[in-house]
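Student: got a predicted structure here, sequence first:
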Amino acid sequence: MGESCAMSSASAATSGPWPLPPAIRASAVVHMAAIGAGALVPGAMPWAIGAVVLNHALITGAGLTPRSSLLGPNVTRLPDAAGARREVAITIDDGPEPEVTPRVLDLLDAHGQRATFFCIAERVLAHPALAREIVARGHSIQNHTARHRHNFSFLGPRGFASEIARAQDILAETIGQRPTCFRAPAGLRNPFLEPVLHRLGLSLVSWTRRGFDTREGNPAKVMARLARNLQARDILLLHDGNAARTPEGNPVLLEVLPLLLERLRADGLSAVTLPEGLKP
């Protein structure tokens with residue numbers, strides 16, 4: 001993953017017919033071979049069933065691995081051009097959250113940095129002024145589904161299309177910009193997602209590293225995970241919605257973000273939005 005899919009790009013995912021990923025083509029071959037062997041070769045049925053089960057386990061495992069590109073293009077790092085520009089992307093999921101997001105915007109402004117907010121569309125509907133403020137202050141809002149369903153990775157083509165297309169419409173109507181990037185809840189998916197993203201003109205974006213800040217309330221531990229081998233082209237994942245709390249009761253993002261922004265400054269890196277960072 002990594003280098004080969006880093007620029008799997010917003011541009012490549014949307015034009016022409018959906019390119020069947022090699023892993024899905026191989027899966028189809030396995031199924032056809034298993035059917036043929038089971039029907040025509042005496043004693044081969046147990047082996048045929050075993051091959052199909054193993055194949056399904058592999059596909060399921062790929063869907064449960066957020067940074068995997070086996071099921072289709074998956075952006076996990078910015079392209080080489082962003083590296084030359086010394087750029088990273090801070091991505092902030094699950095908002096907007098009125099208690100947290102305005103303070104995040106103030107911190108970003110104070111350091112002159114930009115971020116991408118993967119917003120839940122129904123939260124944007126609940127806080128439209130805050131969503132518009134995110135964009136007005138120079139940041140980007142991208143698609144994180146309509147409702148952030150916990151069973152998202154079990155949906156079929158219709159379920160994916162409904163969740164994602166509805167979010168596209170809500171976000172476009174509210175902020176006046178149509179997203180080009182999509183992130184699945186918890187990064188989990190199945191083989192039916194990529195054709196839907198392709199049809200809607202969206203690119204799947206995961207991350208280079210994350211701080212697990214929805215369950216880790218210790219800012220030092222979250223920061224250590226984000227800063228380990230930090231370098232240009234990295235895509236970092238944090239949360240303004242569903243953020244864990246510090247022992248003092250503060251959303252951990254608000255204590256980690258100043259540390260991260262200071263580290264970027266010291267390393268000569270700049271945080272840009274995904275649409276900026278994905279430019280070739």
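Tutor: Nice, thanks for sending it over.
Student: how about residue 34, what does it touch?
Tutor: By CB atoms under 8 Å, 6 or more residues apart in numbering, the residues touching residue 34 are 48-49, 51-52. In short, each C-beta sits where N, CA and C put it, glycine included.
Student: quick one: buried ones out of those?
Tutor: 48, 51-52 (16 or more other CB atoms under 10 Å).
Student: quick check: pLDDT value at residue 142.
Tutor: Here, the pLDDT recorded for residue 142 equals 98.
Student: that one pairs with what?
Tutor: Here residue 142 sits in beta bridges with residue 118, going by DSSP bridges.
Student: how close does it sit to residue 273?
Tutor: Per CB to CB, to the nearest Å, residue 142 is found 9 Å from residue 273.
Student: which neighbours do those two share?
Tutor: In contact with both residue 142 and residue 273: residue 116, using CB under 8 Å, 6+ apart.
Student: before we move on, the earlier item: how about JSON lines for the contacts of residue 34, with distance to residue 205, pLDDT and secondary structure added?
Tutor: As requested, the contacts of residue 34 are exported to JSON lines (distance: CB to CB, whole Å; pLDDT from 0 to 100; DSSP: H, G, I helix; E, B strand; the rest coil):
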{"residue": "48", "distance to residue 205": "38", "pLDDT": "81", "secondary structure": "helix"}
{"residue": "49", "distance to residue 205": "37", "pLDDT": "84", "secondary structure": "helix"}
{"residue": "51", "distance to residue 205": "33", "pLDDT": "82", "secondary structure": "helix"}
{"residue": "52", "distance to residue 205": "32", "pLDDT": "82", "secondary structure": "helix"}
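Student: could you pull out the strands for the stretch 1-150 of the chain?
Tutor: 87-93, 116-119, 140-143 (DSSP state E, counting those that start in this stretch).
Student: give me the neighbour count for the nearest residue to residue 66 once chain neighbours are set aside.
Tutor: Excluding its sequence neighbours, the residue lying closest to residue 66 (CB to CB, 6 or more residues apart in numbering) is residue 187, at 2.6 Å. Residues contacting residue 187 under the criterion other CB atoms under 10 Å number 21.
Student: same question for residue 262.
Tutor: By the criterion of other CB under 10 Å, residue 262 has 11 neighbours.
Student: mind picking out the helix or strand in the protein with the poorest mean pLDDT?
Tutor: In the chain, the helix or strand scored least confidently by mean pLDDT, DSSP states H and E is helix 3-6, which has a mean of 37.
Student: in stretch 57-76, what's buried?
Tutor: Neighbour-count burial for stretch 57-76 flags 59, 62-63, 65-76 (criterion: 16+ other CB under 10 Å).
Student: from those, which two are the most distant?
Tutor: 59 and 75 (20.6 Å; CB to CB).
Student: now for residue 107: which residues touch it?
Tutor: Going by CB under 8 Å, 6+ apart, residue 107 touches 254, 257-258, 261.
Student: list buried residues within those.
Tutor: Applying 16+ other CB under 10 Å to the contacts of residue 107 flags 254, 257, 261 as buried.
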